[in-house]
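1. Please work out how this folds:
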Amino acid sequence: MSTIVCEEGFNSGDYVDSNLLPITDPLAERLSAPGFDAESYVRELSRNCVGDLELQSHRKRIHAVSDETSQALKKNVYKNYTQFIETSKEISYLEAEMYQLSHQLTEERLLLQSFHDLSLKDDSLQREKKIETEKTNLASLLDMVEGCSQVTEVPGRYIVHQGSLMQLNSETMEPMQLMKAYLLNDSLMLTSILRKRRGPIRYRFRALFELDNLAVVNLKETDEQAFTFKILMFPDNCVFQAETQEKKLEWIQVIDNTKQLHKYMEDAQKRSAAEESKDQKKTNDLLSVDWLKDVPEELDVYLAQRDFEAAVELVQRTTEYLSNFQHSQTARDIRSRVESRVKNVCQQLVIELQGASGTAGKSNPSAVRRVVVMLVKLGRSAKACELFLKNYSRVIDHHFRQLKIEGNTALYISRLSSTFFFGLIEAAEEFRKAFSENNDSASAFVVWCLDELSGFVTRFISQVFGGGSSLSVVAECVHVAAQKCDKLKDVGLELTFQFRSQILEDLSLCLQDSREQLEEQLRHRANAEDWACLDFKKKSDQLTQLIYDMESFGIDDFKNLVYDGSKVDIAQTTVEFCRCVHTFIQDGMKIYIPELHDMFISCLCNLFESQVVHIKSVLGEDAYLQHHDFIRKNAAFILETFLPIMEEKLEDSFGRSVDQLVELHGELEDLLNTDVPQDDIGDGDGPEEEEEVV
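-> All right, here's what the predicted structure looks like:
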């Protein structure tokens, strides 16, 4: 029974506004109490009621209270809705007034701008003053010319030029009468002079000819016809004579100029009237679109509901529609109101993009792309590109911090390179998807990649070159990073050259340090060498490994140096030198770039020179007189067997011969074959024995 009452009455925790329930009903007052507990009320009701009828009666009372509450809620909602409608109407009225005020302010601004432009143009100002003066003179014609009232009534008409002309007979060219001519901006007025007339009126109106219907013809000068010109006025024509040649030419020129100006002004007025009519029609069409009036409010609703896709679609639709009304003031006002909403949408999209980036550096590519695409559609492609790249910078930096620096430098660099370059690949793919229709941002992405590469190189240098790593470790790290960098070619990026260029100086120093360490190591080894054949008795595996190593170097006939099954006719110093030089060449080729060629070959030549100098110094010591043959055999192995093989390998790698090594071969032979003093040779058999040894 308690379940039935709860389902049809009130659940625990429901809040009921006491103002909505009838205050005369005790049951309603209890149900509307702030601390009302439905479960306790049901238990109490079940305990106090006797029989099913009493419970049914109580249930009906609860239903009645529920119905009354629903009615009160409906009335309250209707009342609030009515107030909302009235408020909306007031807002609409206020918005209309604001629009009118904005329109008036715009007109005032344009008017002030016009005055400002006029003040900056002295010529225009002087011309306007002249026109005003001529207009004043036109009004004064009423006091001077009889019967010209209809001429002065035309608005915008003013005097351009005036003067006295003698009218001649067009056939006999005899003088007829002296006339005063007034050239107006749209017509030519002729007046006759009143003789014996007192008062201000001195002329009488004769004729008015429109400039569109007349033409001026310059007549040929003769002794009888000086300073004359003809004015053709369909169907008649008149011949006039000026006082001087200058005045005649002035009349002809000013009439032609005025006709051209009048025609131009008429055409301009027609065009202006047509444009005004067209703009008015567009404005009427614009105002007749109902959905356009509600665009700002719709954008506010979409923004409150966080429906950014609908907001962006509405902005695009509005922008496309208003593009047909570029010169309409109404369109400009609507566009400014929409633009203010667009700024709010962009701000929310920026916040949305930051949320899509994740607080722990875990980016959601689809969410980021969705926000970026919307920003691009809103015309904020530069901002979208900036936020997109900053997001991936945070992601890459977060992945860097997750890496643990362990003892194995090469392993750490491999993970660091994979994290960085695969991050760039992912960023490039997402960038292409997000900015597929906007290629202007591609340069910004390339610049960002170069900046990120600089940060990666800084980490790379601190780990690889900052800890005193050997050349082998450095070469392995550079080789691994370069391989990862080459993967960028799949997405159209080539940063390998930039990467190697930024570590060029460190690679050069590393080569020099490695060469110095090898020279020192070989020097100590040569000083401790007893110059005896290698004996691998009971060490067959080491002998096998030595033969394998030498054959891998390219010395195929190394087995010929093995005798008695376990002995090798070569010194340990020579073996170590070959291994060190071969390793140096292998490591150097891993980090090789054309800019390091001279440095790499120079270091390699120095190693050979250093070893020959060691051998030369040993040959000069008394303690090794009996080992001269064996020492020279080791020197011959280095110069005649090992060095040519290394030359051939480098030539195959470079695709050209290495001139420095070719020259080095001859120089070392000359250095080694320099005569040793006879006292240092001992009890030999003279020159013949020495020649045999050589």
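
2. starting at the chain centroid, how far to the lengthiest helix in the chain?
-> If you go by DSSP state H, the chain has its longest helix at helix 51-120. For helix 51-120, the separation from the chain centroid amounts to 44 Å (computed by Cα atoms, centre = their mean, to the nearest Å).

3. begin at 224 from here
-> With the count now opening at 224, the last piece we talked about shows up as helix 274-343.

4. who are the neighbours of that helix, in terms of helices and strands?
-> helix 225-231, helix 249-254, helix 261-271, helix 345-367, helix 552-580 (3 or more Cβ pairs under 8 Å, 6 or more residues apart in numbering; DSSP states H and E). (C-beta placed from N, C-alpha, C; glycine too.)

5. for the record, mean pLDDT for the fourth one?
-> For helix 345-367, mean pLDDT is 62.

6. Tell me where the stretch 574-723 of the chain is predicted with low confidence.
-> Applying pLDDT under 70 to the stretch 574-723 of the chain picks out residues 577-587.

7. The helix or strand containing V841: which residues count as buried?
-> In this structure, V841 sits in helix 820-842 according to DSSP states H and E. Neighbour counts over helix 820-842 (16 or more other Cβ atoms under 10 Å) mark 822-824, 826-831, 833-839, 841-842 as buried.

8. now do stretch 676-692
-> For stretch 676-692, the neighbour count (16+ other Cβ under 10 Å) marks L676, F679, V680, F683, Q686, V687, F688, S692 as buried.

9. Kindly report the same for stretch 854-869.
-> I854, R855, K856, N857, A858, F860, I861, L862, T864, F865, L866, M869.

10. now do stretch 438-455
-> V439, L442, F450, T451, F452, K453, I454.

11. Same check on stretch 455-470?
-> Buried residues in stretch 455-470, counting neighbours by 16+ other Cβ under 10 Å, are found at M456, C461, V462, F463, Q464, A465.

12. which one of these sits closest to L634?
-> Checking the buried residues of stretch 455-470 against L634 by Cβ to Cβ gives M456 as the nearest, at 105.0 Å.

13. Identify the residues contacting stretch 672-690?
-> 616, 619, 623, 628, 632, 635-636, 639, 643, 647, 651, 696-697, 700-701, 704, 716, 718, 721-722, 725-726, 729, 732-733 (Cβ atoms under 8 Å, 6 or more residues apart in numbering).

14. centre of the chain versus that stretch, how much separation?
-> 25 Å.

15. what about dumping the CA coordinates of it to PDB?
-> C-alpha atoms of stretch 672-690 as PDB (Å, rounded to 0.1, in the frame of the first residue of the first chain):
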ATOM      1  CA  CYS A 672      57.600  21.800 -37.000                       C
ATOM      2  CA  LEU A 673      61.000  23.600 -37.200                       C
ATOM      3  CA  ASP A 674      60.400  25.200 -33.800                       C
ATOM      4  CA  GLU A 675      59.500  21.800 -32.300                       C
ATOM      5  CA  LEU A 676      62.500  20.200 -34.000                       C
ATOM      6  CA  SER A 677      64.700  22.800 -32.300                       C
ATOM      7  CA  GLY A 678      63.300  21.800 -28.900                       C
ATOM      8  CA  PHE A 679      63.900  18.100 -29.700                       C
ATOM      9  CA  VAL A 680      67.500  18.800 -30.800                       C
ATOM     10  CA  THR A 681      68.100  20.600 -27.500                       C
ATOM     11  CA  ARG A 682      67.000  17.500 -25.600                       C
ATOM     12  CA  PHE A 683      69.000  15.200 -28.000                       C
ATOM     13  CA  ILE A 684      72.200  17.200 -27.600                       C
ATOM     14  CA  SER A 685      72.000  17.300 -23.800                       C
ATOM     15  CA  GLN A 686      71.600  13.500 -23.600                       C
ATOM     16  CA  VAL A 687      73.900  12.400 -26.400                       C
ATOM     17  CA  PHE A 688      76.700  14.900 -26.400                       C
ATOM     18  CA  GLY A 689      76.500  16.100 -22.800                       C
ATOM     19  CA  GLY A 690      77.400  12.900 -21.100                       C
END
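
16. could you dump the buried residues of stretch 676-692 to JSON lines with distance to V596?
-> What follows is the buried residues of stretch 676-692, written out as JSON lines (distance: Cβ to Cβ, whole Å):
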{"residue": "L676", "distance to V596": "27"}
{"residue": "F679", "distance to V596": "29"}
{"residue": "V680", "distance to V596": "32"}
{"residue": "F683", "distance to V596": "34"}
{"residue": "Q686", "distance to V596": "38"}
{"residue": "V687", "distance to V596": "40"}
{"residue": "F688", "distance to V596": "43"}
{"residue": "S692", "distance to V596": "45"}
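
17. Spell out the secondary structure type for I868.
-> Three-state assignment for I868 (DSSP: H, G, I helix; E, B strand; the rest coil): helix.

18. Can you give me every residue that contacts the spatially closest residue to it that is not a sequence neighbour?
-> Leaving aside its sequence neighbours, I868 sits nearest to G777 (Cβ to Cβ, 6 or more residues apart in numbering; 4.2 Å). G777 is in contact with I868, E871, K872, counting by Cβ under 8 Å, 6+ apart.

19. Closest one of those to T329?
-> K872 (81.7 Å).

20. Could you double-check that N614 sits in contact with E575?
-> No. Using Cβ atoms under 8 Å, N614 is not in contact with E575; the gap is 11.7 Å.

21. quick one: which of these two has more around it?
-> Per other Cβ atoms under 10 Å, whichever of N614 and E575 has more neighbours is N614, with 24 against 18.

22. For F654, see how far away that one is.
-> Distance from N614 to F654, counting by Cβ to Cβ, to the nearest Å: 11 Å.

23. pLDDT-wise, which helix or strand of the chain ranks last?
-> One helix or strand of the chain scores below all others by mean pLDDT, DSSP states H and E: helix 910-916, with a mean of 33.

24. phi, psi of E844?
-> The phi and psi values for E844, taken as degrees, to the nearest 10, are phi -90, psi 140.

25. would you list every one of the strands in the protein?
-> Remark: strands assigned in the chain by DSSP state E are 368-369, 382-391, 398-407, 410-416, 426-433, 437-441, 451-456, 459-464, 757-758, 785-786, 790-791.

26. Redo the ones you listed as TSV? Include distance to T542.
-> What follows is the strands of the chain, written out as TSV (distance: least, Cβ to Cβ, whole Å):
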stretch	distance to T542
strand 368-369	60
strand 382-391	49
strand 398-407	50
strand 410-416	50
strand 426-433	49
strand 437-441	53
strand 451-456	57
strand 459-464	61
strand 757-758	86
strand 785-786	87
strand 790-791	86
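
27. And the residue of the chain positioned farthest from its centre, how far from R427?
-> Distance from the C-alpha centroid of the chain, by Cα atoms, centre = their mean, peaks at K419 (86.5 Å). K419 sits 13 Å away from R427, going by Cβ to Cβ.

28. now swap in S604 and tell me
-> For S604 relative to R427 (Cβ to Cβ), the value is 75 Å.

29. before we move on, what about K471?
-> Separation of K471 from R427 (Cβ to Cβ): 25 Å.

30. Compare neighbour counts for these two and give me the winner.
-> Legend: neighbour count by other Cβ under 10 Å for K471 and R427, higher for K471 (21 against 15).

31. That one: what's it in contact with?
-> So K471 contacts N441, F450, T451, F452, Q464, A465 (Cβ under 8 Å, 6+ apart).

32. will you turn these into CSV that also has pLDDT?
-> Listed next are the contacts of K471 as CSV, based on pLDDT from 0 to 100:
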residue, pLDDT
N441, 85
F450, 84
T451, 87
F452, 87
Q464, 88
A465, 89
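
33. now those as JSON lines including distance to I285?
-> Below are those laid out as JSON lines (distance: Cβ to Cβ, whole Å):
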{"residue": "N441", "distance to I285": "112"}
{"residue": "F450", "distance to I285": "118"}
{"residue": "T451", "distance to I285": "117"}
{"residue": "F452", "distance to I285": "112"}
{"residue": "Q464", "distance to I285": "118"}
{"residue": "A465", "distance to I285": "114"}
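
34. How about the residue nearest in space to the middle of the chain: what's its closest non-neighbour residue?
-> Residue closest to the average C-alpha location in the chain (Cα atoms, centre = their mean): S664, at 3.9 Å. Leaving aside its sequence neighbours, S664 sits nearest to C608 (Cβ to Cβ, 6+ apart; 4.2 Å).
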